[in-house]
Structures are given as structure tokens and as C-alpha cells.
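Visitor: could you work out the structure for the sequence below:
(2 chains, ligands or ions: 1)
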Amino acid sequence: MHTEAADHFFNPRNVGDAGEPSFVGRAASLSCGAHVRFSIQVDEAQRVSEARFRAAGCDVLVAAASVLTERVTGLTTAQAAAIGQAPAELSDKLGAAGSEKCVEMACNALLDAIREYSNAARDDWAGDEALICTCFFVSERTIEREIQARALTTVAEVTNACNAGGGCGSCHQLIQEILETNDLPR
Amino acid sequence: MIYLDNNATTRVAPEVLDAMKPYLGEFFGNPSSAHTLGREMKRAIEHSREQVASLIGATDPGEIVFTSCGSESDNWAIRGVLATRPSSKHIVTTLVEHEAVRNLCRLLENDGYEVTWLDVDRNGELDLDSLRDALRPDTALVSTMLANNETGVLFPIEDIGRIVRENSDAVFHVDGVQAVGKVPIGLKNTAVDLFALSGHKFHAPQGIGALYIRRGISLSPLIIGGAQEEGRRAGTSAVPNIVGLGAACRLALEDDDHARIEQLRNLLEDEILKRIPNTRLNGVADRSKRLPNTSNISFEYVDGQNILLHLDQAGISVSTGSACHSTTHESSPTLRAMNVPFTAAQGSIRFSLGRYNTEAEIETTLSVLPEIVAKLAAMSPYEQLR
Ligand code: FES
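Guide: The predicted model follows:
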């Protein structure tokens, strides 16, 4: 591990639980027994206002989780999710060669917490059009329009066209369902 | 540095180093040579052989053969016995053996051998009835350890030997690597046929071991070559190391420190279990059934490797049975066999003391450890701690 990572291990930042209301994500490994928990608070502008973690696992897991809490604070959930989607980059930064799985676990817990938030925000959404992708604020109508206008058939194509699905991934299933109902004969 | 990892390896004793020095200098001959220098080397080897024989209570020094390490001794014992008994294809051993025995027996399973793996209970102890039941007419070998490297739990090799003798024709091999130099051993009054030991576990250098071969037991050689060690183990004798091993045996026998070490171990163990919440001892509570220097303690819901690294930063060396960063990525087979709960196995730390530890060092450890564990417990995601 690099010096910065070692510093995060010996002096982990943001240990504990984010203030309520918070969204919690977890990841664990059966093979090595590690366990990590992320909790985040998200403000009205959909920015992570507080990120905290708890972990029982190796030094790399602790360091990765600690670094992640610092990096995602102040970012939008979509930006935070992008960091969580790039564990290889974080592994590199930490000098965690050989322990990529442990870095990935920390990233997965973060993504899990963001998905929790996205699902809750989607359910709470009171706008006229159904909200599908919380990360990028994309409605069902917009997605349908894109599918029809461009004859899209996969979630990846939808993400390319309008960003929906490009963050935490919690809306993939919903996008898939919209694709299926819009599967018009061409 | 406070070194509490003496089951991993030990520091070479000054007395041992002094004994070795001439053999790294002016006495450099080959013990197989007929000239004066060669004969002096030969004499030194035989002197060491006597010292090893007397530490483990062999009947005569001719029962001791020098090897390169404990693993070689174990491998030779097992393969050597099997080679002399080609029609017997059954082996009895335990689930908690050192890798040298466990991994070799796993390999032999692929080579047409049938292995009965004896289990241990929650205390790490063997059920002797299951040993009796496992023995068969075609059992070639029974291999058990004397002391478990992780927990220090002792197996009753006198009783095991008796059962093996009474119920089979099997050869009885004991992996004594972790016990020699820590508890008294008297092989001549037991039914132990083969006994492996390793120098670096008791203040000799790394790279020297020995195998005790009871008179009358025939063992095929593992290393083929010259006629060294009466043709039993080829290869030029590592005289400096052999002299070191002899000196370490003399030290262990004449200047044994077991009682003092045990007192320090007891202090450490009692105080950790008393002062730190969510701790549990791994291994039988009865201390007469464990090595006097070893304490394996679980700090439940926290990670053992994290404890290790924090202790290391404080200058204290220990080892852990937790999984990550161990080569296999699974928790210790010994703790699993003992059914130690997962969350406790993860947080297990082995403290193994030695002759150079002082009470002040134990007090320092006791003053640092609670804070480290409290800090990690505050970070733990397990709800049980909230
Ligand atoms: S809700 Fe996060 S990617 Fe769509």
C-alpha cells in the first residue's frame, strides 16, 4: 500500500454512521470474512453531504473505504457512483495490487448505499412524470421517447442516448421493462 | 521490538551463535573427509547428535538423523514409511496438522492412498475412540502432531501410541516441531516411532531439522546421494547448523525457562480475557494441556490482521489466523476444525512467548492492546457491538 493508503488505515476518516435520514449499503465476502458498511446522507441538490463507513476486514478494505468517504463527500450521487464503478482506478491509487477484491468490496458497499438512496428517491418522487433514473434525473417519458425515436433495444443503448442507467445502476431493471413494453414490431 | 511470535521462529541464542562460530571459520572441513579437519567436523556432528538425543529422550544418538528442516523431516517420515509398505494404503492423521503433514496427505489421497482425517472438539482435543475406530489392518501410518502451532494444544502422544500399538501394525509418526524446547519429551518410554523437530523453533538457526527414527524402524531415504548419516540422508552435512542445533538442545535442557515463560503467558492471557470485552480463548482452558508459551485469543467482530498491523506499529509482533493476506484466503483450518465461530476466527491472534520476553514487555502489550481493540470495535460493522 502507498503511504496515503497506510495513513487511511491507521487513521481512518469518517468512521461511524451518517446522520439520519441515511442510506446504508453493505458488502461482505464469504471467502475472507470481511464486512463493510457504508452510510450516506444526500441533500436536496442530490449531493452526498455526509459519508461514513464501518469495516471489519483487511487494511486495504479499511483504507479504500476511508478514502472513498472523503472522495464522494460533496459529489452528486451520479458522480459518486462513477467513482464506485471504477475500483481498478482506486486500487491503483492505493497501491493495492493483489488486493483488488478488497477495494472492489468497499466500492460495492458505496454503490449499494447509492442504490438505496436512488430507490427511495424514485419512490418519493411526486412529479407528473414517473422518475426512472434518479442519478441522472430521467423520466419514463424521456426514456420512451428515446427508445422510439432511435429504435433502442438495450439498457446500454439507453444509457448512451440519455444517461439513464449510467450511475448506480438501480434503474436497470426498470429500463429493461420499458424496453420490453416498447418492443414494437419494426 | 516486543517479539511475541516465537511459534513462527525464534531468535538464535547467543550461546548457540558462539557454539557455531568456529564452524563458520577455522573448522570448515567436510565431515566425510579422512583428514584431521574432516574428523573434527565429524566429531562435532556426533556431539550434536548426542545433545539432540538427550533433549528428546531417545535411547541412543544413532536414532537421530539431521535434515534441513521440520517439513523435510515430516515428508521423509511419511513417504519413507509408505515406501517400505507398498501394500498398505491407509493413513490416519488429523485435520489440524501443520501444512507439511496436511498438504502431503492431501496429495497422497490423489495417489491412491486413503486418509482418515481425525477431527478435534471445540477445545482442539482429539477423540481417542475415533482414533481406535480408524485403525485397520492396512493402516501403514498414523501421523499426529504433539503441539498445535496455532493454539498450543497438546495431543497425548503416549496414549495415542499405546492405542496405535494395541490395535494396528501402523508406524506412529509425531510432528514434534512446535513442542521441542517448550515441554519435556521422553521418547524412549513411548510408542513413538518417528519424531520430527526443527531447530529454528527453539533458538537454533533456520535450515536445520532432525528426524528421530526408533531403532528397528526401517525408512526408505528421501534424498539419494552419498553415504552421509549412515546412508539414511544424503547431502553434505550442514555442520554449523548441526552444531547450532546441538547447542540449542543443550540450552533447552540445562537452562530451561519454561516456568517463567508460562507465568508471563498466564499473565498476558488472564489480563486480556479480563480487560477486553468480546474475547475468547481458542484451545482447551486447562493449561496443562497446552504449550506453556502460547495463547490464541479471538477478539470477536474485529479483524485479526488489523490488530496485528496496529500492534506492529506499536513495535509488537504477533500472528493471526484471519484470512485476508494469508495465501489461501480462508480462515485457519485448525480454528475451523474447532468450530470457532466465523466472527471469532476472523479476529484471532496468536501470542507465542519465548525466553527473551520480560514482564515489562507483557505489561506494555497489555497497556497498548485494549485501546487498539476498542478503536477497531468502534469501527466494526457488526450490530452485536452496538
Ligand atoms: S438511478 Fe442510478 S443509474 Fe439510474
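Visitor: just give me the neighbour total for residue 125.
Guide: Just going to use chain A. 15 (other Cβ atoms under 10 Å in any protein chain shown). Using the backbone N, CA and C atoms, a C-beta is placed for each residue, glycine as well.
Visitor: oops, I was thinking of chain B
Guide: 18.
Visitor: and for residue 56, the neighbour number?
Guide: Picking chain A for this. Here the count is done by other Cβ under 10 Å, and residue A:56 has 29 residues near it.
Visitor: actually it's chain B I care about, not the one you picked
Guide: Number of residues near residue B:56 (other Cβ under 10 Å) recorded here: 25.
Visitor: now the residue nearest to it when sequence neighbours are not counted: how far from residue B:296?
Guide: Sequence neighbours aside, residue B:185 is the residue nearest to residue B:56 in space, at 4.7 Å (criterion: Cβ to Cβ, 6 or more residues apart in numbering or on different chains). To residue B:296, residue B:185 is 22 Å away according to Cβ to Cβ, to the nearest Å.
Visitor: which one of these two is surrounded by more residues?
Guide: A direct count of neighbours by other Cβ under 10 Å for residue B:185 and residue B:296 places residue B:296 higher, at 31 against 22.
Visitor: and the helices in chain A?
Guide: A:3-10, A:59-72, A:77-84, A:87-94, A:100-124, A:140-150, A:155-162, A:172-181 (DSSP state H).
Visitor: quick one: the last one near the ligand?
Guide: No. Under the criterion of Cβ under 6 Å from any ligand atom, the ligand is not reached by helix A:172-181; the shortest gap measures 7.4 Å.
Visitor: low-confidence stretches in chain A?
Guide: A:184-186 (pLDDT under 70).
Visitor: if you set the cut-off to 80 instead, what comes out?
Guide: Chain A contains residues with pLDDT under 80 at A:1, A:30-32, A:183-186.
Visitor: domain boundaries for it, per the record?
Guide: What the record gives for chain A is the domain set A:3-123, A:125-181, from automatic domain parsing.
Visitor: which pLDDT value belongs to the residue nearest to residue B:56?
Guide: On pLDDT, residue B:185 comes in at 96.
Visitor: and the residue nearest to residue B:176 when sequence neighbours are not counted, how far from chain A?
Guide: Of all residues not flanking residue B:176 in the chain, residue B:146 sits nearest, at 4.6 Å (Cβ to Cβ, 6+ apart). Separation of residue B:146 from chain A (Cβ to the nearest Cβ, to the nearest Å) stands at 30 Å.
Visitor: how close does residue B:34 get to chain A?
Guide: 53 Å.
Visitor: please enumerate the helices of the stretch 251-386 of chain B.
Guide: Per DSSP state H, counting those that start in this stretch, the stretch 251-386 of chain B carries helices over the ranges B:258-275, B:304-313, B:333-337, B:342-345, B:359-379.
Visitor: export the ones you listed to JSON lines and tack on mean neighbour count and mean pLDDT?
Guide: Listed next are the helices of the stretch 251-386 of chain B as JSON lines, based on neighbours: other Cβ atoms under 10 Å in any protein chain shown; pLDDT from 0 to 100:
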{"stretch": "helix B:258-275", "mean neighbour count": "16", "mean pLDDT": "97"}
{"stretch": "helix B:304-313", "mean neighbour count": "22", "mean pLDDT": "95"}
{"stretch": "helix B:333-337", "mean neighbour count": "20", "mean pLDDT": "92"}
{"stretch": "helix B:342-345", "mean neighbour count": "20", "mean pLDDT": "88"}
{"stretch": "helix B:359-379", "mean neighbour count": "17", "mean pLDDT": "97"}
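Visitor: out of these, the one nearest residue A:103 is which?
Guide: Closest of the helices of the stretch 251-386 of chain B to residue A:103 is helix B:304-313, at 15.6 Å (criterion: Cβ to Cβ).
Visitor: please state the offset of the closest one from the chain centre?
Guide: A distance of 24 Å separates the centroid of the chain from that of helix B:304-313, by Cα atoms, centre = their mean, to the nearest Å.
Visitor: and the angle from it to helix A:59-72?
Guide: Relative orientation of helix B:304-313 versus helix A:59-72 (axes from the mean of the first three to the mean of the last three Cα atoms, to 10 degrees): 90 degrees.
Visitor: strands of chain B, start to end?
Guide: Remark: strands assigned in chain B by DSSP state E are B:2-3, B:64-67, B:90-94, B:114-118, B:139-145, B:171-175, B:194-198, B:209-213, B:279-281, B:294-299, B:316-317, B:319-320, B:348-352.
Visitor: and chain A, which of its residues are near chain B?
Guide: Contact residues, chain A versus chain B (Cβ under 8 Å from any Cβ of the partner chain): A:9-10, A:12, A:15-16, A:26, A:31-37, A:54-62, A:99, A:102.
Visitor: buried ones among those residues?
Guide: Neighbour-count burial (16 or more other Cβ atoms under 10 Å in any protein chain shown) applied to those gives A:9, A:12, A:15, A:26, A:32-37, A:54-62, A:99, A:102.
Visitor: which ones among these are found in strands?
Guide: A:26, A:35, A:36, A:37, A:54, A:55, A:56.
Visitor: residues touching the first one, list them.
Guide: Yep, that's residue A:26 we're talking about. Under the criterion of Cβ atoms under 8 Å, 6 or more residues apart in numbering or on different chains, the neighbours of residue A:26 are A:35, A:36, A:37, A:38, A:109, A:112, B:381.
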